[in-house]
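**Student:** coords please:
(chains A and B)
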Amino acid sequence: MRLTRLMMVGLTGTLLVACSTLDGNLRTPELDEYSSDRRRDQVRGRLGGSDGILIFGTDRTQQRGAADQGGVGIGVNAFLWRAALDTLSFMPLSSADPFGGVLITDWYSPPGNPSERFRATAYILGRQLRSDGVRVALFRQELRGNAWVEAPVSAGTASELEDQVLARARELRAQSTAAAR
Amino acid sequence: MRKILLGTTAVVGAALMGITVAQAQTAPTVRVGGYFEFTGGYVDDNFDSAATTGLPASRAKVDFRSDMEISVIVRGKAANGISYGAEIELQMDNVTNAGSANSGSGTIVDTDEMWGFISSPTLGTFQFGDQDSAADQLKVAAPSVTNLGESGGWDEFVAPVADGTRYILTTINDGSDSTKVIYLSPQFFGFDFGVSYAPNQYEGENYLQPNAAANNALQRNTNAGSIRNELSGALRYRGSFSNVGVAAAFSAMRGDSPTGSPNRDPNAYQAGLNLSAMGFTIGGHYIWGRYSGSAPGRAGLAPGLSNSNNWTIGATYRFDAVSVGAFYSRGKRDNALPGVNDREQRAIGVGAVYTLAPGLELFANYTNVEDENVLPFGAANTAANYRDRSIDVFILGTRMAF
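**Tutor:** Got it, this is the predicted structure:
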């Protein structure tokens, strides 16, 4: 009985370890990762740069290329910019400058706590998709009597938001890559 | 402090909530692609032309050929991350059939593969339609460059022998576009697998056998075609060790011979390995099983015949816009006629490809083929008519893909 319990614990532990390592080692291969005897597939590259001539739909390949270089109508990295917008969209937006890469939110009070409010400023620092390409500054105020007064923000909160922006940017990049295939 | 923590946690939590509602949906796209190829060939073949005695004569000739295919490519992604799509390939098929109702100029267009798929990032890909089998899609074979190989560009310039084959050196059969269902698994730690099933050998929308005049010629009749209930599968590994890329696979397929046929049920197996580093790729494959002819496993083996096998080794090197390659290949088939030794084919080739622009390649290669104990097309099936064939083919051409 004890042996069975030990085995169960061991099995559960193995499964947990497997699950934690599986995440980075499980994926569905893309269609171009399979063996193909098609004569078209043996040729390196494509005339015109994209795989076929687009008849219907939006050409994500070109968008991806543009985004990698910082975008056409946008001064900073498009993935980081879009990710910052997504991440901070739960707060009301006050100002957004896609050329300078500055995004400023209005004051926002978390639901259930009207006596404090937050405001965030995000800076996208360049055209490259890099981990140091975004800075978030967070401001907090508390209601004392009838007046809002400045209050400290927990250390690490701004960097947590930066991490959220970077994770979202990575996700957008992955989607864009997948869509372009 | 506790309040600060609570408040800031709420902010981060809200940010997380905001992200989860983001959509991954991608509107579908439809693209048209394809390729065009022109090849010039110089052929020196001692089976090149049939002589009046029924035996062939040696001849050296120049010939040209052109080829093309148009692909319609549909891709999309649903909001839940499932991607989907379809591919329809229209090929120039070499339909001639002189004198029959289906006579053509050799430039008739028909479908090659046409299939759809649904793919989940975690559950794998499901394909359906006239697509290559799982054993073929996951196979690993000897490396080659454009139009070079055991059954590469050379065989397009030579005449078939009596059994209709030009080469017996090839890879496991690709399922011959028979309508099938295919499951391809996700990759776990470098491993993935696939299985496919085709109820019969036929493709396309028709439910009758080609040229069928009556309902008793249904494709699903148990006596129809040359292979039925085709099951195929493969296990593949891809990874790298100390900057050496490794790809290995074991592919297998089996089928039933139609009822009424004396042939034994066909099967075929292929093991392949590729190693790549610093622009070099070397590798090979070995195929064996109960089959004959040029497509391992596509038809049952006649009683009394031994199993067949063939193998190929190859190497390629790529630097900038140039790729060069070489291969060596051997194969064996049992000749049914008593007193005649096995057919043994050997091929050796070298070639190069220059990518003039992305999608535009110039290629040139040379292949020497020695084919022992083969019966020339049109010759009477007597032991005295089995000869050794010797072929030299040099090809030069261009292929452009868009």
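**Student:** Alongside chain A, which residues does the stretch 51-200 of chain B contribute?
**Tutor:** The stretch 51-200 of chain B has residues B:67, B:69, B:71, B:73, B:75, B:77, B:83, B:89, B:112-113, B:117, B:119-125, B:132, B:136-141, B:146-147, B:171, B:174, B:184, B:186-190, B:192 near chain A, with proximity defined as Cβ under 8 Å from any Cβ of the partner chain. Heads up, the C-betas are built off the backbone N, CA and C, glycines and all.
**Student:** Show only the entries of those residues found in strands.
**Tutor:** Residues of those located in strands (DSSP state E): B:67, B:69, B:71, B:73, B:75, B:77, B:83, B:89, B:112-113, B:117, B:119-120, B:124-125, B:184, B:187-188, B:192.
**Student:** The residues you listed, buried ones only, as a PyMOL selection?
**Tutor:** Selection of buried members from these for PyMOL, criterion 16 or more other Cβ atoms under 10 Å in any protein chain shown:
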select buried, chain B and resi 67+69+71+73+75+77+83+89+112+113+117+119+124+125+184+187+192
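**Student:** which residues of the stretch 101-250 of chain B fall in helices?
**Tutor:** Along the stretch 101-250 of chain B, counting by DSSP state H, counting those that start in this stretch, helices occupy B:134-137.
**Student:** Could you tell me how many residues sit around residue 160?
**Tutor:** Picked chain A for this. Number of residues near A:Glu160 (other Cβ atoms under 10 Å in any protein chain shown) recorded here: 17.
**Student:** Wait, chain B was what I had in mind.
**Tutor:** B:Pro160: 15 neighbours (other Cβ under 10 Å).
**Student:** Buried residues, the helix ranked longest in chain A. List them.
**Tutor:** Secondary structure of chain A per DSSP state H: the longest helix is helix A:157-180. For helix A:157-180, the neighbour count (16+ other Cβ under 10 Å) marks A:157-158, A:160-166, A:168-169, A:171-173, A:175-176, A:178-180 as buried.
**Student:** Okay, now the unreliable bits of chain A?
**Tutor:** Confidence mapping of chain A against pLDDT under 70 gives the ranges A:1-4, A:6-24, A:59-74, A:179-181.
**Student:** biggest strand in it by residues?
**Tutor:** Chain A, longest strand under DSSP E: strand A:134-144.
**Student:** Can you name the next helix or strand after that one?
**Tutor:** Reading on from strand A:134-144 to the C-terminus, the next helix or strand found by DSSP states H and E is strand A:147-151.
**Student:** That next one to strand A:134-144, inter-axis angle?
**Tutor:** If you take axes from the mean of the first three to the mean of the last three Cα atoms, to 10 degrees, strand A:147-151 sits at 130 degrees to strand A:134-144.
**Student:** Ignoring the adjacent residues along the chain, who's closest to B:Ser119?
**Tutor:** Distance criterion Cβ to Cβ, 6 or more residues apart in numbering or on different chains; nearest residue to B:Ser119, sequence neighbours excluded, is B:Thr125 at 4.1 Å.
**Student:** residues contacting that neighbour?
**Tutor:** Contacts here follow Cβ atoms under 8 Å, 6 or more residues apart in numbering or on different chains; on that basis B:Thr125 touches A:28-29, A:31, B:117-119, B:183-184.
**Student:** hang on, the earlier thing: quick check: angle from the longest strand of chain A to helix A:157-180?
**Tutor:** Here strand A:134-144 points in a direction 140 degrees away from that of helix A:157-180 (the same axes, to 10 degrees).
**Student:** could you say what helices and strands strand A:134-144 packs with?
**Tutor:** The contact analysis (3 or more Cβ pairs under 8 Å, 6 or more residues apart in numbering or on different chains; DSSP states H and E) places strand A:134-144 against helix A:78-87, strand A:116-124, strand A:147-151, helix A:157-180, helix B:2-20.
**Student:** at 10 Å instead, please
**Tutor:** helix A:78-87, strand A:102-105, strand A:116-124, strand A:147-151, helix A:157-180, helix B:2-20 (3 or more Cβ pairs under 10 Å, 6 or more residues apart in numbering or on different chains; DSSP states H and E).
**Student:** Remind me what the fifth one packs against, helices and strands.
**Tutor:** Translated: helix A:157-180. Helix A:157-180 sits against helix A:60-68, helix A:78-87, strand A:116-124, strand A:134-144, helix B:2-20, strand B:26-50, strand B:56-77, with contacts defined as 3+ Cβ pairs under 10 Å, 6+ apart.
**Student:** Could I get the CA-only coordinates of the fourth one as CSV?
**Tutor:** Included here for strand A:134-144 are C-alpha records, laid out as CSV according to Å, rounded to 0.1, in the frame of the first residue of the first chain:
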residue,chain,number,x,y,z
VAL,A,134,9.9,49.8,-23.6
ARG,A,135,9.7,51.8,-20.3
VAL,A,136,6.6,52.2,-18.2
ALA,A,137,6.2,54.8,-15.5
LEU,A,138,3.4,54.4,-13.0
PHE,A,139,1.9,57.2,-10.8
ARG,A,140,-0.4,56.7,-7.9
GLN,A,141,-2.5,59.1,-5.9
GLU,A,142,-4.6,58.6,-2.8
LEU,A,143,-7.7,60.5,-1.8
ARG,A,144,-7.1,62.3,1.5
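**Student:** What separation do you get for the residue of the stretch 101-250 of chain B found nearest chain A and B:Ser232?
**Tutor:** Proximity of the stretch 101-250 of chain B to chain A (Cβ to the nearest Cβ) peaks at B:Gln137, 4.1 Å away. Noted for B:Gln137: a distance of 9 Å to B:Ser232, by Cβ to Cβ, to the nearest Å.
**Student:** re the thing from before, burial of the residue of the stretch 101-250 of chain B closest to chain A, as a residue count?
**Tutor:** B:Gln137: 27 surrounding residues under other Cβ under 10 Å.
**Student:** The residue in chain A that chain B sits nearest to: which element?
**Tutor:** The nearest approach of chain A to chain B comes at A:Gly45, 2.7 Å away (Cβ to the nearest Cβ). Of the helices and strands defined by DSSP H and E, none includes A:Gly45.
**Student:** Please give me every residue in contact with the closest residue to it other than its chain neighbours.
**Tutor:** Using Cβ to Cβ, 6+ apart and skipping the chain neighbours, the partner closest in space to A:Gly45 is B:Pro358 (2.7 Å). Shown in contact with B:Pro358 (Cβ atoms under 10 Å, 6 or more residues apart in numbering or on different chains): A:43-49, B:321, B:401.
**Student:** Make sure B:Asn243 is actually in contact with B:Leu275.
**Tutor:** No: counting by Cβ atoms under 10 Å, B:Asn243 stays clear of B:Leu275, with 11.1 Å between them.
**Student:** The two - which one has more neighbours?
**Tutor:** B:Leu275 (16 against 8).
**Student:** That one pairs with what?
**Tutor:** Beta-bridge pairing for B:Leu275 (DSSP bridges): B:Val246, B:Ile282.
**Student:** Which pLDDT does the model give it?
**Tutor:** Note for B:Leu275: predicted pLDDT of 96.
**Student:** my guess is it contacts B:Gly283, does it?
**Tutor:** Yes: using Cβ under 10 Å, B:Leu275 is in contact with B:Gly283, at 6.3 Å.
**Student:** Which neighbours do the two have in common?
**Tutor:** B:143, B:246-248, B:315.
**Student:** buried subset of those residues?
**Tutor:** By 16+ other Cβ under 10 Å, the shared contacts of B:Leu275 and B:Gly283 give B:143, B:246-248, B:315 as buried.
**Student:** Could you tell me what pLDDT the model assigned to the closest residue to chain A within the stretch 251-400 of chain B?
**Tutor:** Residue nearest to chain A within the stretch 251-400 of chain B (Cβ to the nearest Cβ): B:Pro358, separated by 2.7 Å. The model reports B:Pro358 with a pLDDT of 89.
**Student:** in which helix or strand would I find B:Glu370?
**Tutor:** strand B:360-374.
**Student:** So what's the residue count around B:Lys40?
**Tutor:** Just so we're on the same page, residue B:40 is Gly rather than Lys. Neighbour tally, B:Gly40, other Cβ under 10 Å: 15.
**Student:** now do the one 4 residues further on
**Tutor:** B:Asp44 is surrounded by 15 other residues when neighbours are defined as other Cβ under 10 Å.
**Student:** Since that was my last question, I'll sign off now.
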